[in-house]
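S.K.: One predicted model, sequence on top.
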Amino acid sequence: MIKKFLIHLWQSRIKFVRYFIIGITSFVLDIVLLYILKEFFGLYPVVAVIINQIFIIGFVFAMNKFFSFRANGNTSKQVARFSVVVAGNYLFAIFWMWLFNHELGFNYLLVRTANVILTVAWNFLLYQEWVYRVEKIEPAKSCCE
């Protein structure tokens, strides 16, 4: 069981590297947009996170589908699954920012960075094993077998 899991992880390394590249790119876009919305538009960090996530979400889905996981499966099913993951991450990010920035006074950029680090770990597994997994189609059995 453990050996099978380790083999599976080793086989996923290229996907993880591509996922990591998209993650770094998304993170930079996320932080830059958050900074612009907060510093230039004067928005509260919680409001800035609410707004910037809308843009980041579309970018992340498309890049992970076509670059990281190269998933050619049912896009509408993938969008639905991705939306479930995103909704959980979105609510978690807002709560995280509210708690650590608004209530406890930590720097909003550090709070966002910590939040992203946490979500990266579980997102890779969820994306690979659930969101972008292409289900293998079993050959149809004949009626006379």
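M.R.: Nice, thanks for sending it over.

S.K.: roughly how far apart are Ile117 and Tyr132?
M.R.: Here Ile117 is placed at a distance of 22 Å from Tyr132 (CB to CB, to the nearest Å). C-beta: built from backbone N, CA, C; applies to glycine.

S.K.: between these two, which one's more packed in?
M.R.: For Ile117 versus Tyr132, neighbours defined as other CB atoms under 10 Å are more numerous around Tyr132 (21 against 11).

S.K.: Which phi and psi values does that one adopt?
M.R.: phi -100, psi 10 (degrees, to the nearest 10).

S.K.: Any stretches of this protein with poor pLDDT?
M.R.: 5, 136-145 (pLDDT under 70).

S.K.: in the top helix by length along it, what counts as buried?
M.R.: Using DSSP state H, we find that the single longest helix of the chain is helix 13-39. Buried residues in helix 13-39, counting neighbours by 16 or more other CB atoms under 10 Å, are found at 15, 18-19, 22-23, 26-27, 30, 33-35, 37-38.

S.K.: What of stretch 76-87?
M.R.: In stretch 76-87, counting by 16+ other CB under 10 Å, buried: Gln78, Arg81, Phe82, Val85, Val86.

S.K.: Torsion angles phi and psi at the third one?
M.R.: If I follow you right, that is Phe82. phi -60, psi -40.

S.K.: from what I can see His102 touches Val47, true?
M.R.: No. Between His102 and Val47 there is no contact under CB atoms under 8 Å: 10.8 Å.

S.K.: ok, so what distance separates Leu9 from Trp122?
M.R.: 15 Å.

S.K.: next one: Met97
M.R.: For Met97 relative to Trp122 (CB to CB), the value is 18 Å.

S.K.: So if I had to pick from these two, which one is more boxed in?
M.R.: Met97 (24 against 12).

S.K.: just checking, what packs against the helix or strand hosting that one?
M.R.: Applying DSSP states H and E as the criterion places Met97 in helix 75-97. Helices and strands touching helix 75-97, by 3 or more CB pairs under 8 Å, 6 or more residues apart in numbering; DSSP states H and E, are helix 45-63, helix 108-126.

S.K.: Out of these, which is closest to Ile2?
M.R.: Nearest of the helices and strands packed on helix 75-97 to Ile2, taken as CB to CB: helix 108-126 at 16.3 Å.
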